[in-house]
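# Predicted model and sequence below, questions to follow.
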Amino acid sequence: MEWVIWDSAQDGWFTFDIDNEDPKIFCDYFKENDQDGRESFLRKFYEPDDEILKKKDTICAEILRVMKTLLPLYNTMVWRPPI
């Protein structure tokens with residue numbers, strides 16, 4: 001799974017490999033690369049014959065696993081203005 005920041009002006013990617021890089025440095029990566037005008041998104045790739053994709057139950061279990069992993073990060077990053 002990768003966090004990708006795309007800069008169309010530079011035609012370049014800034015990528016953080018969530019599965020293989022030290023999560024302690026993610027904030028440094030994000031602060032350094034997240035700038036106005038850049039697009040930021042999460043990307044996960046599955047091989048077409050991956051066992052996870054063969055059954056509805058395993059797809060659902062994978063979605064829940066990934067969401068449980070990412071929800072704390074999302075809650076940390078989301079700006080919620082006072083109501």
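It's in. Numbering: from 1, shown residues only.

# Look up the closest residue to Gln35, ignoring the ones flanking it.
Distances taken as C-beta to C-beta, 6 or more residues apart in numbering put Asp7 closest to Gln35, at 7.7 Å, once the chain neighbours are dropped. In short, each C-beta sits where N, CA and C put it, glycine included.

# Could you measure from that neighbour over to Met67?
28 Å (C-beta to C-beta, to the nearest Å).

# Which one of those two is surrounded by more residues?
Remark: of Asp7 and Met67, Asp7 carries more neighbours, 14 against 10, as counted by other C-beta atoms under 10 Å.

# which residues touch that one?
Contacts of Asp7 were listed using C-beta atoms under 8 Å, 6 or more residues apart in numbering, and they are Trp13, Phe14, Gln35, Gly37, Arg38.

# mind checking the end-to-end distance for stretch 27-38?
16 Å (C-alpha to C-alpha, to the nearest Å).

# which of the residues in it are buried?
Tyr29, Phe30, Asn33 (16 or more other C-beta atoms under 10 Å).

# Can I get stretch 50-62 as PDB, trimmed to CA atoms?
The C-alpha atoms that make up stretch 50-62 are tabulated as PDB, following Å, rounded to 0.1, in the frame of the first residue of the first chain:
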ATOM      1  CA  ASP A  50      -4.900 -12.800  -5.600                       C
ATOM      2  CA  GLU A  51      -6.800 -15.200  -3.300                       C
ATOM      3  CA  ILE A  52      -8.400 -12.200  -1.600                       C
ATOM      4  CA  LEU A  53     -10.300 -11.300  -4.700                       C
ATOM      5  CA  LYS A  54     -11.800 -14.700  -5.300                       C
ATOM      6  CA  LYS A  55     -14.700 -14.500  -2.700                       C
ATOM      7  CA  LYS A  56     -17.000 -11.800  -1.500                       C
ATOM      8  CA  ASP A  57     -16.100 -12.700   2.100                       C
ATOM      9  CA  THR A  58     -12.400 -12.400   1.700                       C
ATOM     10  CA  ILE A  59     -12.800  -9.100  -0.100                       C
ATOM     11  CA  CYS A  60     -14.900  -7.800   2.800                       C
ATOM     12  CA  ALA A  61     -12.400  -9.000   5.400                       C
ATOM     13  CA  GLU A  62      -9.600  -7.300   3.500                       C
END
